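In: what's the 3D shape of this:
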Amino acid sequence: MQHSHEVRQELSPSTIALRTMIPEVMRGYGELSRAAMAPGELSSATKELLAIAIAITRECDGCIVAHTRSAVRAGVTRQGVAEAIGVAIAMNGGPGTVWGPRALRSYDEAVADIMKDAPPS
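Out: Next up, the predicted model:
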């Protein structure tokens, strides 16, 4: 997997094109995603950790990037991400040991990006 900003940059033009070509589908997916990730019995942070573990399982670099960034915004710690990666490794074996570190790197990059953009305190 490339670095997270490279993945976002690579997918952005095609995502924008699809939003123009199939707006109802993309809007519907966005609504489904927002509804699924909204806090309820499970917190948004917990849901992001689930999404990271699933993204590792599915070997989806775009999903890893999106959900590690959302996890940072939801207040998930690096240790929390590491523990979710541990579950993904337990459930996936060897592939989890490859995609898990990619998810941790993506989390670290998201922290750096978000902290860079945060107003000074």
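
In: okay, CA-based contacts and neighbour counts for the rest of this
Out: Noted.

In: keeping just the C-alphas, turn the strand or helix carrying Ala66 into CSV.
Out: Element membership of Ala66 [criterion: DSSP states H and E] is helix 61-73. The C-alpha trace of helix 61-73 is given here as CSV (Å, rounded to 0.1, in the frame of the first residue of the first chain):
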residue,chain,number,x,y,z
ASP,A,61,-6.1,0.3,1.1
GLY,A,62,-8.7,3.0,0.5
CYS,A,63,-10.8,1.7,3.3
ILE,A,64,-7.8,1.5,5.6
VAL,A,65,-6.9,5.2,4.8
ALA,A,66,-10.5,6.4,5.3
HIS,A,67,-11.1,4.6,8.5
THR,A,68,-7.8,5.3,10.2
ARG,A,69,-8.4,9.0,9.5
SER,A,70,-11.9,8.7,10.9
ALA,A,71,-10.5,6.8,13.9
VAL,A,72,-8.1,9.6,14.7
ARG,A,73,-11.0,12.1,14.5
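
In: against which helices or strands is the helix or strand following that helix packed?
Out: Downstream of helix 61-73, the first helix or strand assigned by DSSP H and E is helix 78-92. Applying 3 or more CA pairs under 8 Å, 6 or more residues apart in numbering; DSSP states H and E, one finds that helix 78-92 makes contact with helix 44-58, helix 94-117.

In: neighbours around Ala112, how many?
Out: Ala112 is flanked by 13 other residues according to other CA atoms under 10 Å.

In: likewise Ile64?
Out: Around Ile64 there are 30 residues (other CA under 10 Å).
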